[in-house]
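J.: here are the coordinates; sequence isn't available:
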């Protein structure tokens, strides 16, 4: 009985020492499996792109491990490319199968365009016939080039804005980076601070926002996308006609919260087609067959100045031009006028008028060119109308003869009366 008891005690003691060894062997088998990321293409990975991740699995243990399978987990911002096998069956991994003998495998994944720049995690899990799933995490660095937000397009409706009118200004922004941006603020700088060593002043452009503010916000812009903002501006009624440069301030944040600021310049054209009135101011000619000077008046009644005005009286079968046929007048300011004379011989008229075709060329304040032909109408008078307004003068010779005749008749009558008195 004592021998049995002693034997039992010995067996129990041996069992106590053996169990930790068995457990240690099991744990060691599990811990001796190592999975590592050996390469990635491209490096670094960019948001919105595809990437290939190559891994290796090694068995540092002293025994084989069988029925190994590995699965990639869906975890933002990584997702498995279409057609790619999620679970890869490796099978048996031999003892001491490491280094160049390690088993390698690859996953092709899509990186979400909204991925945050910086460190992100991709997860795999594996198992063998000896245990449950075990997770492994790998840090993937996502990076992109500096954000490329640009002002792609600027338009104004109308393209040339009249003083006192309203225009719709459209700005198109382009996010050329491979990552999204957010909190995009676009502001028109209509009042500028001018600071010198001695003073501080402000320059105010002749524009004011109407029905909206001078700042717009875009909540988010995806990678490689565009967005537009609209501003309604009213132009001061007394604004000078010219091209105005308007600064546009743009600020935004990238996916990691880093802030960016930049300034662009847009140009807005203020002006209108000059309202140039051309007409005959005075004329020495009132009927066909006369030679005289015609005075033409050019009145600028618009808000835009007239520049480089050139005029030319076109030839006609109805008259001969006796003076120079053309003239350079130059500039006419708003609410001002100039005159020019042409001397002609009027050969004939039509329906009581003489038509004088006048070609004019000029530019506005923004150097936009204009060319026009204006038909000037010269009103002619009949003999009776000319006499009534004192334009028809009597013939000098006839007047002298009439006067002489009156004198002679009077002298004859006087002589006859004198002879009768003597009788």
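T.: Received the coordinates, thanks. From a predicted model like this one, the values you see are computed outputs, not experimental measurements.
J.: Who does residue 369 form a beta bridge with?
T.: residue 363 (DSSP bridges).
J.: Pretty sure residue 363 is one of the things it touches, is it not?
T.: Yes - between residue 369 and residue 363 there is a contact at 5.4 Å, judged by Cβ atoms under 8 Å. The way it works is simple: take the backbone N, C-alpha and C, and place the C-beta from them, glycine included.
J.: So for the two, which residue has more residues nearby?
T.: residue 363 (17 against 10; other Cβ atoms under 10 Å).
J.: Distance of that one relative to residue 267?
T.: 18 Å (Cβ to Cβ, to the nearest Å).
J.: who touches the residue nearest to residue 272 when sequence neighbours are not counted in this structure?
T.: Of all residues not flanking residue 272 in the chain, residue 162 sits nearest, at 4.6 Å (Cβ to Cβ, 6 or more residues apart in numbering). Applying Cβ atoms under 8 Å, 6 or more residues apart in numbering, we find residue 162 in contact with 235, 270-272, 303.
J.: what are the phi and psi angles of residue 162?
T.: Residue 162 adopts backbone torsions of phi -80, psi 140, taken as degrees, to the nearest 10.
J.: can you list contacts of the helix or strand encompassing residue 277?
T.: Using DSSP states H and E, residue 277 falls within strand 276-283. For strand 276-283, the external contacting residues (Cβ under 8 Å, 6+ apart) are 292-302, 306, 309, 332, 339, 356, 358, 360, 362, 374, 376-378.
J.: repeat for stretch 93-106
T.: Taking Cβ under 8 Å, 6+ apart as the rule, stretch 93-106 contacts 33, 38, 52-66, 68, 70, 88, 90, 128.
J.: cool, and stretch 312-331?
T.: Contacts for stretch 312-331 (Cβ under 8 Å, 6+ apart): 291, 293, 298, 305-311, 338, 340-350, 354-360, 373.
J.: Quick one, which of the residues you listed are buried?
T.: 298, 305-307, 309, 311, 338, 340, 342, 344, 346, 349, 354, 356, 358, 360 (16 or more other Cβ atoms under 10 Å).
J.: Just the residues you listed: which are in helices?
T.: Judged by DSSP state H, the subset of those located in helices is empty.
J.: Nearest to residue 171 among those residues?
T.: residue 305 (29.9 Å; Cβ to Cβ).
J.: Contacts only, for that closest one.
T.: By Cβ under 8 Å, 6+ apart, the neighbours of residue 305 are 241, 274, 331-334, 364-365.
J.: For residue 221, see how far away it is.
T.: Residue 305 is 43 Å from residue 221, by Cβ to Cβ.
J.: can you check residue 340 too?
T.: Residue 340 is 59 Å from residue 221, by Cβ to Cβ.
J.: is residue 105 in a bridge, and if so with what?
T.: Going by DSSP bridges, residue 105 forms beta bridges with residue 55.
J.: Report the separation between the two terminal residues of stretch 344-359.
T.: With Cα to Cα, to the nearest Å as the measure, stretch 344-359 spans 16 Å from end to end.
J.: Can you give me the buried ones in the strand holding residue 277?
T.: For strand 276-283, by 16+ other Cβ under 10 Å, it's 276, 280, 283.
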